[in-house]
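K.L.:
Coordinates only, no sequence provided:
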Ligand SMILES: [Zn+2]
Ligand SMILES: [Zn+2]
């Protein structure tokens, strides 16, 4: 096991009441999760094979072994596949310092994992947030050098998109990641309200990198200070990295010391 994760004297939280509420909800979720596992056994998030109640993460051994790109070498900064593990790929080395200090990608955005992400997001299969969040937890805790984190912040949706979808998949994954780490690790609180997305951006597909960046400029805003915090920024899919970078920029502007992107699927 890893050593306890050092944390700053002030536990990060949105508000004291939220903190108490989040703790209570996490307790209820854990207990309810245990009961539900007995009533309806867990199934692999990919193939539906029954899993032991204590299985972690929520995929069967065969599917875990077949996760696309789960074991490949990646650039430590942006998560793009590389020939050998590297602190920075050619693109990152040539780029201005990115506000994202490191990226941990659980797998590639490729079949069959892309199906799970799509089913969660567009098929409203909310139960799939749990195996994906657990996958992130396993990726983080299983890293050769564990990134110390103080809290998790999900990449937010703009209010219109959130109202349309009814939930933020990244928040649900962050909650699942946090719940699966407690209590073996010091609890990693989720801060769902610190980072806001002010507006929706036009679809990014088909745009160049600089157009993607311009598209996103100033679309995230942080409330309150995050001084000295090491933040795990949670997202389901990372494509060009522009969204995560812009969110990280807002977190850094609010005082965050380090931002580590944790993504379930990395698209090339
Ligand atoms: Zn499976
Ligand atoms: Zn890179």
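P.N.:
Arrived safely. Please read all numbers here as calculations on a predicted model, not as lab measurements. Ligands and ions are numbered 1, 2, ... in the order given.

K.L.:
Where does residue 252 sit, in terms of helix or strand?
P.N.:
Element membership for residue 252 (DSSP states H and E) is helix 242-253.

K.L.:
what comes into contact with that helix?
P.N.:
Residues outside helix 242-253 that contact it (Cβ atoms under 8 Å, 6 or more residues apart in numbering): 98-100, 103, 153, 155-156, 195, 204, 209, 212-213, 215-217, 219-222, 226, 231, 233, 235, 238, 256, 259, 261, 263. C-beta coordinates here come from the backbone N, C-alpha and C atoms, glycine included.

K.L.:
6 Å - rerun?
P.N.:
98-100, 155, 212-213, 216, 220, 222, 231, 235, 238, 259, 261 (Cβ atoms under 6 Å, 6 or more residues apart in numbering).

K.L.:
I'd like to know how far residue 53 sits from ligand 2.
P.N.:
39 Å (Cβ to the ion, to the nearest Å).

K.L.:
Over to that residue: give its phi and psi.
P.N.:
Per-residue torsions, residue 53: phi -50, psi -30 (degrees, to the nearest 10).

K.L.:
State the number of residues packed around it.
P.N.:
Residue 53 has 11 neighbours, counted by other Cβ atoms under 10 Å.

K.L.:
And the helices in this protein, which stretches?
P.N.:
Under the criterion DSSP state H, the chain contains helices at 16-39, 61-66, 90-94, 113-121, 129-141, 159-165, 169-181, 209-216, 242-253.

K.L.:
closest point of the stretch 101-250 of the chain to ligand 1, which residue?
P.N.:
Scanning the stretch 101-250 of the chain for proximity to ligand 1 using Cβ to the ion identifies residue 112 as nearest, at 9.0 Å.

K.L.:
got the contact list for that residue?
P.N.:
Per Cβ under 6 Å, 6+ apart, neighbours of residue 112: residue 46.
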